[in-house]
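Novice: Got a predicted model here, sequence first, then my questions.
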Amino acid sequence: MTQPRLLPLYAAMPVTIFEEMSGLARQTGAINLGQGFPDGPPPPALLEALGRASATQSHQYPPMAGLPELRAAVAAFYARTQGLDLPPDSVIVTSGATEAVAAAILAVVQPGDEVLLFAPAYDAYAPLVRRAGGVPVFVALHPPLWQYDRAAIEAAITPRTRALVLNDPLNPTGTVASAADLAMLADICTACDLFAICDEVWENVRFDGQAHASLMAQPGMETRALKIGSAGKIFGATGWKVGWIVAAPPIAAVVGRAHQFLTFTTPPMLQRAVAEALARPDIAQDCTAGWAQTRQCLNEALTRRGFALLPGSATWFACIDLPASGIALDDRSFALRGVHEAGVATIPLSALWDGGGAPTHIARLCHCKPEAMLTQAVDRLAQWRDRLDAGE
Ligand code: GLN
């Protein structure tokens, strides 16, 4: 009996590290500081808006590009928080930011195109580029600052380069591109005629007191940037899978063609609730203020117990340097053994690194959890480190 062949790209692909580690945490009962999601419900005001929307609004297909009120609310949110001047038809609502990344790549990448990715990179980018027939070309960033190096970027660009993907703030490192970086990247995009797929899902999860600045706001970028955002990240409701992509209307229209055959629409009551919440600055601000506290709690606990933190000022994550923390395991062993032996799930940074030369000495820990859970997790990791030291 023969079997038709499945697509090798997916057939040979492991399940994502986020699913792997959350699955292990569920199986073992470990504290899950792996996949990024807050422990507990989203803000009551968001749930109240959802209740109202659910009781009063249609539950049937909303417009393909998103509810008009959410498209307008996203445009108004970016006008208010980032000074962007976007007409509502520049917004396409998607079922989460990962769908937005997929739609952007499908809309932009043609077979044979090269797409510049920075490593570390969110693990969806490279497979999506490959599935679109493109070739990911990696530019490695280097710890501890993960800075963008103009010469390295220019060396990776060829006449076939169509786009770059910029994740800013950057997951997993929590670092943020400087104003000079953004100007340099815009300069390269305009000089080399590139699209920029800007995954800015962490734009509201910054702890450096700075307003987020988008690559889209740089001169010449308004017709090249495809900017992606996430209500799940802004409001701590990751399971809602409400995201969006904003681009100049002619680009957004083409992204909409990709989106219409991916998920087509996103649940209207969720869209309606997000639209209401985006219009109230206090809701998002309170979320970020709460995460500033959980971040401080985790970072202080880690430092107190002798774990070496890497610098970072955004996202729900802290990164630790394993050898500098007295741990002689690579990141994947730390994550896999840590679930069983310490009862704590983490994410190995190398899982977010496609291409060669991955650093294997850094682990990512999620901080948006109750403080008692964070201190218990750090205690467990410290005690496990002592047992490893004792050769047990
Ligand atoms: N963005 C999340 C993280 O980095 C994972 C999202 C997912 O698992 N799809 O942890």
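Specialist: Yes, it's here.

Novice: distance of T94 from the ligand?
Specialist: With the distance defined as CB to the nearest ligand atom, to the nearest Å, T94 ends up 13 Å from the ligand. Bear in mind the C-beta positions are built from the backbone N, C-alpha and C, glycine included.

Novice: That residue - how many residues pack around it?
Specialist: 31 (other CB atoms under 10 Å).

Novice: Also the one 10 residues further on?
Specialist: Neighbouring residues of A104 were enumerated by other CB under 10 Å; the total is 30.

Novice: thought it was touching G243?
Specialist: No - using CB atoms under 8 Å, A104 is not in contact with G243, being 10.9 Å away.

Novice: Could you pull out the residues contacting both of these two?
Specialist: With contacts defined as CB atoms under 8 Å, 6 or more residues apart in numbering, the residues adjacent to both A104 and G243 are I228.

Novice: Please, which helix or strand holds the residue lying closest to G133 once chain neighbours are set aside?
Specialist: Leaving aside its sequence neighbours, G133 sits nearest to P111 (CB to CB, 6 or more residues apart in numbering; 3.2 Å). No secondary structure element spans P111, as it lies outside all helices and strands (assigned by DSSP states H and E).

Novice: So in the protein, which helix runs the longest?
Specialist: In terms of residue count, the longest helix belonging to the chain (DSSP state H) is helix 281-304.

Novice: helices or strands up against that helix?
Specialist: Secondary structure elements in contact with helix 281-304, counted by 3 or more CB pairs under 8 Å, 6 or more residues apart in numbering; DSSP states H and E, are helix 231-235, helix 268-278, strand 308-309, strand 317-321, helix 371-389.

Novice: Which stretches in this structure count as strands?
Specialist: Read by DSSP state E, the chain holds these strands, from start to end of the chain: 31-32, 91-94, 114-119, 135-140, 161-167, 195-199, 225-230, 243-246, 308-309, 317-321, 344-345, 347-348, 362-366.

Novice: Mind putting those into a markdown table with mean pLDDT and distance to P62?
Specialist: Output for those, formatted as a markdown table (pLDDT from 0 to 100; distance: least, CB to CB, whole Å):
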| stretch | mean pLDDT | distance to P62 |
| --- | --- | --- |
| strand 31-32 | 98 | 33 |
| strand 91-94 | 98 | 8 |
| strand 114-119 | 98 | 31 |
| strand 135-140 | 98 | 34 |
| strand 161-167 | 98 | 28 |
| strand 195-199 | 98 | 24 |
| strand 225-230 | 98 | 18 |
| strand 243-246 | 98 | 13 |
| strand 308-309 | 98 | 43 |
| strand 317-321 | 98 | 33 |
| strand 344-345 | 98 | 36 |
| strand 347-348 | 98 | 34 |
| strand 362-366 | 98 | 32 |
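
Novice: got TSV for these, with distance to R150 too?
Specialist: What follows is the strands of the chain, written out as TSV (distance: least, CB to CB, whole Å):
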stretch	distance to R150
strand 31-32	39
strand 91-94	32
strand 114-119	13
strand 135-140	10
strand 161-167	13
strand 195-199	15
strand 225-230	19
strand 243-246	27
strand 308-309	28
strand 317-321	24
strand 344-345	37
strand 347-348	29
strand 362-366	24
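
Novice: Go through those and name the closest to A12.
Specialist: Judged by CB to CB, the one of those that comes nearest to A12 is strand 135-140, at 15.9 Å.

Novice: any residues touching that closest one, and which ones?
Specialist: By CB under 8 Å, 6+ apart, the surrounding residues in contact with strand 135-140 are 112-119, 121, 125-126, 129-130, 149, 152-153, 156, 158, 160-161, 354-355, 357.

Novice: Buried residues of stretch 188-207, list them for me.
Specialist: Of the residues in stretch 188-207, those buried by neighbour count under the rule 16 or more other CB atoms under 10 Å are 188-190, 192, 194-207.

Novice: Ok, stretch 149-160 next?
Specialist: Within stretch 149-160, the residues scored as buried using 16+ other CB under 10 Å are 153, 156-157.

Novice: Ok, stretch 271-284 next?
Specialist: For stretch 271-284, using 16+ other CB under 10 Å, the buried residues are 271-278, 283-284.

Novice: now do stretch 373-387
Specialist: Within stretch 373-387, the residues that qualify as buried are 373-378, 380-382, 384-385, counting by 16+ other CB under 10 Å.
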